[in-house]
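[1] here's my sequence, what's the structure:
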Amino acid sequence: MVKPSGLIAVIAVIAVTAVACAGTGGGGAEVDVRSTGDRGPSALVDPNAPGLPEPLVDTSRIISGGPPPDGIPPIDDPTFENPASVDWLNDREPVLAISVDGDSRAYPVQIMTWHEIANDVIGDVPVTVSYCPLCNSAIAYDRRIDGGEVLDFGTSGQLYLSALVMYDRQTQSLWSHFTAQAIAGVLTGTTLETVPITTVAWAEWRDANPKGRVLSRDTGFSRDYGRNPYPGYDDVSTNPFLFDGEHDGRLAAKEHVIGVRDDANAVAISNSAALDRGVIEISLGDRPLVVFKIAGTASALDSGSVADGFDVGATGVFSPVVDGRSLQFTRAGGAFVDTETGSSWSIFGEATDGPLAGTQLETYPHVDTFWFAWGAFEVNTTIVT
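    Numbers count the residues shown, from 1 in each chain. All right, here's what the predicted structure looks like:
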């Protein structure tokens, strides 16, 4: 179990390591927060500076998590390996899976824990992949804004409701990892489009994507990849780090949930209920969705080793409609079967056998996260238990 004082020490060590590596070929870079050129004042320096739009949140609650800007260094020039060449991942180990226009990539959590952000281009789309260990959530964004400008993101070293606060290097606006929205700075109110991403076991992704690409450990930084620097953090009896929000007591703060939302609706699904049932049908307004859940993925925040955590499973969320027909599903082992045709489907929503083999369900974005974070950012959420 990690007590708050111990976690502060851990984060401080990560920051010191980053700073030390910055001057010794470790790939770090000092952030210039003095000026954004003619774009306006830097919200990294002062989110309430004259000339900036009114922030969307109470900036007194945007607090330091310990490291300076980019003290937890993002990956700006990612390199990749073929799945067949990877011998350093355990079968149960969690990876962040994303596919854009047929370009499928896996970002091992053992790497992302130490960097939190990767700026990449996937299927010709500029994408930022983000992972926040403190709220146990992975969210990806199309980093283009109106007018086609492409933003590059870094870690601000700050937290809002215990969640990662990012900044863009073009304007030094502050962004909420959880809402994909600029909450202070020149771009306040701008919202990025999210890209579906899910956390699955390495073996599950590897077997489904033999021609995919895997983020390499060759990041330009020296880190103890594979070690979890936050051991015991997802102990459900412990409190979130530097969380000053209102806790919604319907669930324990660190209970794992699956969050699904649109502009007007939000649903939180108990992760344990999903593991028990395998398939859960929900609706967002008039939109029907189906949630798939299988066992076999390790929690990254439990053991001292990322690969050895308890089983939190893997999730997929999809539209169940194929060619105008709504399908119903049941879990069958590590796969799913639709009642209407008897076709088999993977956790990635692809029909692998039967009359619909080769069909891909439309993927809908979701967030695997802790309840305290989902409840704080989505205060009107309903819960499925």
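
[2] show me what contacts the residue nearest to the spatial centre of the chain?
    Nearest to the mean C-alpha position of the chain, counting by Cα atoms, centre = their mean, stands Ala138 at 0.7 Å. The contact partners of Ala138, taken as Cβ atoms under 8 Å, 6 or more residues apart in numbering, are 96, 109, 112, 129-132, 197-199, 367-368. For every residue, glycine as well, the C-beta is placed using N, CA and C.

[3] assign it to helix, strand or coil.
    strand (DSSP: H, G, I helix; E, B strand; the rest coil).

[4] where does this structure dip in pLDDT?
    Applying pLDDT under 70 to the chain flags the ranges 1-37.

[5] domains in it, by residue range?
    Here the chain is described, according to automatic domain parsing, as comprising the domains 4-214, 243-384.

[6] ends of the shortest one, how far apart?
    The one in question is domain 243-384. 24 Å (Cα to Cα, to the nearest Å).

[7] check stretch 242-257 too.
    20 Å.

[8] what's it in contact with?
    Residues contacting stretch 242-257 (Cβ under 8 Å, 6+ apart): 4, 61, 63, 65, 134, 136, 159, 161-162, 234-240, 268-272, 312, 368-372, 374-376, 379, 383.

[9] now with 6 Å?
    The contact list for stretch 242-257 (Cβ atoms under 6 Å, 6 or more residues apart in numbering) reads 159, 161-162, 234, 236, 240, 268, 271, 312, 370-372, 374-376, 383.

[10] in what helix or strand does Ala203 lie?
    helix 202-208 (DSSP states H and E).

[11] list the buried residues for that helix?
    Neighbour-count burial for helix 202-208, counted by 16 or more other Cβ atoms under 10 Å, picks out 202-206, 208.

[12] export these to CSV and tack on distance to Glu281?
    Conversion of the buried residues of helix 202-208 to CSV gives the following (distance: Cβ to Cβ, whole Å):
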residue, distance to Glu281
Trp202, 29
Ala203, 28
Glu204, 23
Trp205, 25
Arg206, 29
Ala208, 24
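
[13] and the furthest pair within those?
    Trp202 and Ala208 (11.1 Å; Cβ to Cβ).

[14] could you look up the SS state of Ala373?
    helix.

[15] and it, what does it touch?
    Ala373 neighbours (Cβ under 6 Å, 6+ apart): 135, 163.

[16] how long is stretch 86-93 end to end?
    End to end - Cα to Cα - stretch 86-93 spans 13 Å.

[17] just how off-centre is it within its chain?
    20 Å (Cα atoms, centre = their mean, to the nearest Å).

[18] and what of stretch 279-287?
    22 Å.

[19] list the buried residues in that stretch.
    279-280, 282, 284.
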